[in-house]
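Enquirer: just to be clear, the model below is a prediction. Sequence and coordinates:
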Amino acid sequence: MNKMIIAGLLMMISVFSQAQQSAQVIDKVIGKIGGEYLLYSDLINGYRYQKERMPELEEEAMCGIMEQLISQKILIDQAKLDSIEVSADEVESQLDYRIENILRAMGGDENRFLDYYGKSIGEVKDDMRLDMRQNILAQRIQGKLINEVTITPKEVVEFYEQIPQDSVPFLSSEVEISEIVLRPQVNDEESQKAQGKLKEIREKIVSGEETFEEMASKHSADGSRETGGDLGWAKRGSYVPEFEAVAYTLDQGELSEIVETDFGFHIIKLKERRGNSINVQHILIRPTITGADNELAKNKLDSIRGLIATDSLSFEYAVKLFSDKDVPSYNNGGRMQNPKTGDIYFETADLPPDIYFEIEEIEVGDITEPLEYYDQRNELQYRIVRLESRTKPHRASLETDYSRIQRFAKESKKNQYYNNWMVEKMGQTFIEIDSDLGSCQNLTQWIKEPTVVEPAGK
């Protein structure tokens, strides 16, 4: 980009930033795309957003960002032509979610929010509302376009045959695996102990002997103890149903009775409610899982394994009867999904170590002994794993890897379809770009020539 243009854009960034801080927004229309307008603020904010994530980003990237913004405006224009609707509730829900995330990152401190943005939460939401609605429109029309793409077996074959032979990917050994997961259950004695401890804590808070924050910092069994039990702002649907059902019935400052969830036992205090969003504190007490509880779960899982091995019970039915409903595999017949790729194939390097060593010595269709592992909450669980398939290292082929090649082919077709559609729309849509961006080679065809004013009397 021409250095003078760069300097001009950087000056606008500086002026715009200062104007934001002084609440006097200086802006300018720099493009018209169909019925949509592009502002300097759109370009500046787009550049700043990417610069925060990629500090090495050069100013020349603004030409590419401008082209991305043009594409987005074309999508928005098309969405309006197709009468695609975005409800006010959808926009508000997305705005609430974004604000809640910002506040959560700031520890729920609204004064910090005000200092950072120089505006109240309501004012920032007002600033974001139009952009949020347009983002939703653009995403919706783009999704509608590519979801219409289908692919035939013939096209899959053609896609594969167009790959040069020496470029066909070499695939490592892969396996497919299924699991049944059991979580050890707390015995009644430990459950009563935990509830008794929480009852004593609650009584001390109610009597004024201790504050909620003090008791949370001393006793809560989760990370919120660092903030006096404060969970920050969250919208409806953020918490497990048992917790949320109680939290939304509380008045401001009210303390709940004991609430049981899969995490343990809680008492909840409502700090503030704003529409569908709440800010609560809680104290969590987790009952102790004993060695006997663990052994009971392990033995039960071993008995289930025996029933499957003797054909008294199918693996898939055992999943529905016994497996933990909270693990992703439960809704897929026990089939595990590779978190790295999103599909059901695991390269051996992607397998959890405990599974890798156990399936090395078994045949396809065999089931491991009960294995212990720790979930995302660092809680002990047990599982048995069945080896569904195993491949040797090989070059991808239609015979052995059709579903994977089909997925690649469809994604390629979607990208091509969308790119072709965008090129066609760019040719059909009225686009005019301010001459200040005249040195952006990728925008030359749309640059509006500056108006020449003849001197008076000539």
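Expert: That came through, no problem.

Enquirer: low-confidence ranges in the stretch 51-200 of the chain?
Expert: Along the stretch 51-200 of the chain, the model assigns pLDDT under 70 to residues 52-53.

Enquirer: mind listing the helices for it?
Expert: Under the criterion DSSP state H, counting those that start in this stretch, helices of the stretch 51-200 of the chain are mapped to 61-81, 88-105, 110-117, 121-147, 153-161, 188-207.

Enquirer: would you mind finding the most buried of those?
Expert: helix 61-81 (a mean of 19; mean count of other CB atoms under 10 Å). C-betas here are computed from N, CA, C, even on glycine.

Enquirer: just the residues contacting that one, thanks.
Expert: Helix 61-81 is contacted from outside by 1, 9, 31, 33-36, 38, 42-43, 46-47, 50, 134, 137-138, 140-142, 422, 425-426, 429, 431, 433, 437, 440-443, 446, using CB atoms under 8 Å, 6 or more residues apart in numbering.

Enquirer: in strands, which of those appear?
Expert: Here DSSP state E is the test, and these give G31, I33, E36, L38, I431, I433 as lying in strands.

Enquirer: give the buried residues for the biggest helix by length in the chain.
Expert: Assignment by DSSP state H gives helix 398-428 as the longest helix of the chain. Buried positions in helix 398-428, judged by neighbour count with 16 or more other CB atoms under 10 Å: 401, 404-406, 408-410, 413-414, 418, 421-422, 425-426.

Enquirer: can you redo these as JSON lines with pLDDT?
Expert: Shown next, in JSON lines, are the buried residues of helix 398-428 (pLDDT from 0 to 100):
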{"residue": "D401", "pLDDT": "83"}
{"residue": "R404", "pLDDT": "82"}
{"residue": "I405", "pLDDT": "89"}
{"residue": "Q406", "pLDDT": "90"}
{"residue": "F408", "pLDDT": "88"}
{"residue": "A409", "pLDDT": "92"}
{"residue": "K410", "pLDDT": "91"}
{"residue": "K413", "pLDDT": "93"}
{"residue": "K414", "pLDDT": "91"}
{"residue": "Y418", "pLDDT": "90"}
{"residue": "W421", "pLDDT": "91"}
{"residue": "M422", "pLDDT": "91"}
{"residue": "K425", "pLDDT": "89"}
{"residue": "M426", "pLDDT": "89"}
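
Enquirer: can you give me the strands for the stretch 151-300 of the chain?
Expert: 170-171, 174-182, 230-235, 259-261, 264-274, 277-285 (DSSP state E, counting those that start in this stretch).

Enquirer: lowest average pLDDT across these?
Expert: Ranked by mean pLDDT, these bottom out at strand 170-171, with a mean of 82.

Enquirer: the residue nearest to G264 when sequence neighbours are not counted: how many residues sit nearby?
Expert: Computed as CB to CB, 6 or more residues apart in numbering, the closest residue to G264 that is not its neighbour in sequence is R286, at 3.8 Å. Neighbour count for R286, taken as other CB atoms under 10 Å: 16.

Enquirer: so what's R286 up against?
Expert: Contacts for R286 (CB under 8 Å, 6+ apart) come out as A194, A221, F263, G264, F265.

Enquirer: show me where the stretch 251-400 of the chain has helices.
Expert: So, for the stretch 251-400 of the chain - with DSSP H, counting those that start in this stretch - the helices run 291-309, 315-322, 353-359, 398-428.

Enquirer: mind putting the ones you listed into JSON lines with distance to S167?
Expert: Converted to JSON lines, the helices of the stretch 251-400 of the chain look like this (distance: least, CB to CB, whole Å):
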{"stretch": "helix 291-309", "distance to S167": "43"}
{"stretch": "helix 315-322", "distance to S167": "39"}
{"stretch": "helix 353-359", "distance to S167": "30"}
{"stretch": "helix 398-428", "distance to S167": "13"}
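
Enquirer: nearest to G253, out of those?
Expert: Evaluated with CB to CB, the helices of the stretch 251-400 of the chain place helix 291-309 nearest to G253, the distance being 37.5 Å.

Enquirer: pull out the CA atoms of the closest one and give them to me as CSV.
Expert: Output of helix 291-309 as CSV, limited to C-alpha atoms (Å, rounded to 0.1, in the frame of the first residue of the first chain):
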residue,chain,number,x,y,z
GLY,A,291,-12.0,-46.7,48.1
ALA,A,292,-15.0,-49.0,48.6
ASP,A,293,-17.1,-46.8,46.2
ASN,A,294,-14.4,-47.0,43.6
GLU,A,295,-14.1,-50.8,43.9
LEU,A,296,-17.9,-51.2,43.6
ALA,A,297,-17.9,-49.3,40.3
LYS,A,298,-15.0,-51.2,39.0
ASN,A,299,-16.6,-54.6,39.8
LYS,A,300,-19.9,-53.6,38.3
LEU,A,301,-18.1,-52.6,35.1
ASP,A,302,-16.3,-55.9,35.0
SER,A,303,-19.6,-57.8,35.4
ILE,A,304,-21.1,-55.7,32.4
ARG,A,305,-18.0,-56.7,30.4
GLY,A,306,-18.7,-60.4,31.2
LEU,A,307,-22.3,-60.1,30.0
ILE,A,308,-21.2,-58.6,26.7
ALA,A,309,-18.5,-61.2,26.2
